[in-house]
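Trainee: Predicted model, plus sequence, below.
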Amino acid sequence: MNRAEILGVHLEGPFISPDMLGTQPPQARKVDRAFLEELLSMAPVRVITFAPEADEADLLLNMARENGIRAQLGHSPCRYEVAERVFRRGASGATHLFNAMSPLHHRAPGLAGAALAHARNAEIIPDLMHVHPGAIHVALRAVPGLYAVTDASRATGAPDGTYPFGEVTAHKCGNGLRLPDGTLAGSCLTMLQAFRNFVEIGLEPAEAVRRCSTIAADYLGLQDRGRIRKGAIADLVVLSPELTLKDVILRGKSING
Ligand SMILES: CC(=O)N[C@@H]1[C@@H](O)[C@H](O)[C@@H](COP(=O)(O)O)O[C@@H]1O
């Protein structure tokens with residue numbers, strides 16, 4: 001098979017807060033069992049983002065656990081105490097840590113503070129626009145299983161210009177994609193650039209590799225991906241010492257033949 005595979009779906013809504021949509025469409029709603037079951041029957045969902053205040057009875061949290069789905073907190077302005085409770089009850093991680101969540105203030109640590117204090121895993125978008133490098137270092141110290149996500153949009157790799165983003169229009173300029181009011185609307189980041197950015201802010205290359213592959217694979221329970229060893233799936237990229245792309249290997253074969 002000479003192409004990438006989609007391993008599952010991340011359901012990043014609608015069980016989020018209407019007050020912290022970011023660029024999500026205004027269709028946030030509370031968790032209800034029938035609708036959640038319908039969504040789960042439509043696609044192989046592996047990860048769900050939810051706002052704790054949308055799941056007061058822990059319905060989503062429990063259903064996720066029963067179905068082997070990672071339940072992540074995100075898109076919420078909730079108080080630290082609310083998020084802490086849900087992390088203690090088994091929430092798996094945090095969605096694009098720092099973005100679209102209540103920030104860490106020293107007297108009101110918010111969802112970001114709860115994730116830093118209690119989450120074993122969290123996503124981060126290391127395009128160096130979504131999160132300041134200093135905040136990435138804070139997260140690296142606090143969250144053992146911090147891993148990169150791209151949050152990439154359809155504008156990734158495309159020329160500057162306007163792009164539909166759900167029901168709204170976003171403008172790409174350089175590496176940023178924004179709504180007219182300046183809100184970041186996903187990213188234009190590739191995982192290769194995420195890796196380079198980790199190295200640029202001071203991570204050892206081996207550590208950057210772990211944060212871009214192994215940790216995410218472990219988090220999803222995929223022992224045959226995200227590592228180079230006998231029996232694992234050989235989907236690899238080959239880089240030069242300057243970190244330019246030399247080759248892409250899918251299932252052990254170069255895509256260049
Ligand atoms: C797909 C998605 O939801 N992506 C979010 C976006 O919604 C949010 O607006 C942005 C900035 O968030 P911030 O303004 O809180 O830093 O981060 C991510 O790009």
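Mentor: Noted; the coordinates are in hand.
Trainee: how close does the residue of the stretch 101-250 of the chain at minimum distance from the ligand sit to residue 10?
Mentor: The stretch 101-250 of the chain approaches the ligand most closely through residue 184 (4.0 Å), counting by C-beta to the nearest ligand atom. All C-beta spots, glycine's among them, are computed from the backbone N, C-alpha and C. In this view, residue 184 and residue 10 are 18 Å apart by C-beta to C-beta, to the nearest Å.
Trainee: quick one, which of the two is more surrounded?
Mentor: A count of neighbours by other C-beta atoms under 10 Å puts residue 184 above the other of residue 184 and residue 10, at 21 against 16.
Trainee: from what I can see that one touches residue 130, true?
Mentor: Yes: if you go by C-beta atoms under 8 Å, residue 184 and residue 130 touch, sitting 6.0 Å apart.
Trainee: Show me the common contact partners of these two, please.
Mentor: residue 99 (C-beta atoms under 8 Å, 6 or more residues apart in numbering).
Trainee: which residue sits closest to residue 120, ignoring its sequence neighbours?
Mentor: The shortest distance from residue 120 to any non-neighbouring residue, by C-beta to C-beta, 6 or more residues apart in numbering, is to residue 145 (5.2 Å).
Trainee: Also residue 100?
Mentor: In space, residue 100 is closest to residue 22, 3.8 Å off (C-beta to C-beta, 6+ apart).
Trainee: who's in contact with residue 194?
Mentor: 125-127, 148, 150, 212.
Trainee: Now intersect these with the strands, please.
Mentor: residue 148 (DSSP state E).
Trainee: CSV for the contacts of residue 194, including neighbour count, distance to residue 164 and pLDDT?
Mentor: Listed next are the contacts of residue 194 as CSV, based on neighbours: other C-beta atoms under 10 Å; distance: C-beta to C-beta, whole Å; pLDDT from 0 to 100:
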residue, neighbour count, distance to residue 164, pLDDT
125, 24, 21, 98
126, 30, 26, 98
127, 23, 21, 98
148, 24, 26, 98
150, 20, 19, 98
212, 23, 29, 98
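Trainee: Are we agreed that the residue nearest to residue 100 is in a strand?
Mentor: No: Residue 22 is assigned coil when assessed by DSSP: H, G, I helix; E, B strand; the rest coil, not a strand.
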